[in-house]
Each structure stands twice: as structure tokens, then as C-alpha cells.
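>>> Requesting a structural model of the entry that follows:
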Amino acid sequence: MKTPLSLLLVVLLSACSQQSKLYVDTIKEVTLGSSDVVKTAAEIDKDPYASAYLTVGDLPRAFVLLAFAERGQMKWISADRNLFVMQQGRLIKTVGQREDLLALDNLAQDPLQDPLAIPEAGARWQTRAYYSGAMNSGRLLISTLYRRGNEVLTILDKPVSCVRIEEEVTDQQSGQRWRNDYWVDAQTKLVMASRQQTGSQLPSIEFTLLKPL
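Below you'll find the model as predicted:
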């Protein structure tokens, strides 16, 4: 059973009551439906919170707010009570999905911790992934990340110069493979956009950072 949105926000937020009410009001502005959420630059500038677009598989694009940030982890929450935890742009935990990612290990060695240092020849990394359902066996994932050159993204009608990082992932247990992509701001090193899977049988999740912390 999903946690009520109001209770989840109370747990996540440590701000004063007036700030918490503003946060709840902001996220409730997003109406769940069959269409992608669209925000203007003026609307994003007006809101005091870090925000992003997030799309899971074929579902409509959602608007997410940063609920909490600690120890380099960014916890994003959507209006339908789903939680997505990222570290330097990598999804490391989800709450509310059909199959949730519970944890990844070896994050200190993740090449995304210093994305612009990733060479064209590739940087190898491995982790064990733990899931909430049938995939909860601590699967060994082997990945190689490559620097693929410069690209310009348009976010809220503004160009952002990025370096694209391509990641090739193999699930050693099943032998299945997939590809993740990350677009890293060449100036700030922030992952401005990504398209990644948390497991071979799970849907792709797309993320676009609209307003950083």
C-alpha cells in the first residue's frame, strides 16, 4: 500500500510549517492525467524548490520536486507519491515502482562521481543491485562508461553545453545488456539529463533537471 502523500511529505521535510505548506501546495499544482506536464521558465523561476521532469517508461512525463538532499543524495518526489533517489545523477533507489531498486553498492567508485574525468577509452565499474521483488538477489552489474563528446541540450528554451556520457551495462546473472546516457553540464559537472534503467527487466527512466539546488 502506498504511503499517503501528506504523510510522506511530513517525514521528508524538516522545514517550518509555513515552508512545508508551500511545498505541498506547489506539488499539488501538478494534476495527474494522461498528458505530459509542461512548465515554463517563469513558473520554474517562481518556485523556490529545485525541480525536474521525470518519465518512467511509457507513462506521461511528471514534474518532481527535491524533497531532501543529504550526503550527496538527492531525493525527488512526484505528485503520485513516488520517490526517486539520485547520487551524482545516477538512480540509486526508487519507492513506488512495480519493482523498486533498494540499493546499489560500491558507489564511492562510480565514475559518475567525477564525470568529466571519464575518458573516451572508457572507465569500468561494477556494483551489486538489490531489488524489492523477484529481482532481489543482489545482481552483479558490470558497466563501462565512455565520454562521447559535446552536445547542446535545450532546457526551458535555454541552451546548455553538455558532455554526453554513455554507459554500457551487463547483468552478469542473466547476461542481458542495456545502455544508459547522461548529459553533464560542462561547467558545473551537474547531470542535467539522463536516460537510464535500474535493471534489465525494468523500464527506462528519463530525467531532466529544470532548477538545481
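>>> Quick one: neighbours of the closest residue to Asn82 other than its chain neighbours, just the number.
Nearest residue to Asn82, sequence neighbours excluded (CB to CB, 6 or more residues apart in numbering): Gly96, at 3.6 Å. C-betas here are computed from N, CA, C, even on glycine. Residues near Gly96, counting by other CB atoms under 10 Å, number 16.
>>> so who does Ala193 touch?
By CB atoms under 8 Å, 6 or more residues apart in numbering, Ala193 lies in contact with 153, 155, 162, 182-183, 206-209.
>>> For this structure, give me the ranges with low pLDDT.
1-34 (pLDDT under 70).
>>> run the last query once more with 50
1-24, 27-28, 30-32 (pLDDT under 50).
>>> could you point out which element follows the strand ranked longest in it?
In the chain, with assignment by DSSP state E, the single longest strand is strand 139-155. Note on strand 139-155: by DSSP states H and E, the next helix or strand toward the C-terminus is strand 158-171.
>>> Please put the alpha-carbon coordinates of that following strand into CSV.
Taking Å, rounded to 0.1, in the frame of the first residue of the first chain, the C-alpha atoms of strand 158-171 are listed here in CSV:
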residue,chain,number,x,y,z
LYS,A,158,17.9,27.8,-23.0
PRO,A,159,20.9,26.1,-24.5
VAL,A,160,23.1,24.1,-22.1
SER,A,161,26.5,22.8,-23.2
CYS,A,162,26.9,19.3,-22.1
VAL,A,163,29.2,16.3,-22.3
ARG,A,164,27.4,13.0,-23.1
ILE,A,165,28.5,10.0,-21.1
GLU,A,166,27.4,6.6,-22.4
GLU,A,167,27.2,3.6,-20.1
GLU,A,168,27.1,0.0,-21.3
VAL,A,169,25.7,-2.3,-18.5
THR,A,170,25.7,-6.1,-18.3
ASP,A,171,23.7,-8.1,-15.8
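>>> Start at 336, not 1
Sounds good: first residue 336 from here, last item strand 493-506.
>>> contact partners of that strand?
Against strand 493-506 from outside (CB under 8 Å, 6+ apart): 376, 447, 450-451, 453, 474-489, 511-522, 527-528, 531-532, 534-535.
>>> and what of stretch 417-426?
The contact list for stretch 417-426 (CB under 8 Å, 6+ apart) reads 343, 389, 391, 397, 399, 402, 407-413, 427-432, 436, 439, 442, 445, 447-448, 450, 517, 519, 525-526, 529, 531, 533, 540, 542.
>>> In strands, which of these appear?
389, 391, 397, 399, 402, 408-413, 427-430, 436, 439, 517, 519, 526, 529, 531, 540, 542.
>>> residue contacts, Asp492?
Shown in contact with Asp492 (CB under 8 Å, 6+ apart): Ala376.
>>> give me that answer again for 10 Å
By CB atoms under 10 Å, 6 or more residues apart in numbering, the contact list for Asp492 reads 375-376.
>>> Show the backbone phi and psi for it.
The phi/psi pair for Asp492 (degrees, to the nearest 10) reads phi 70, psi 10.
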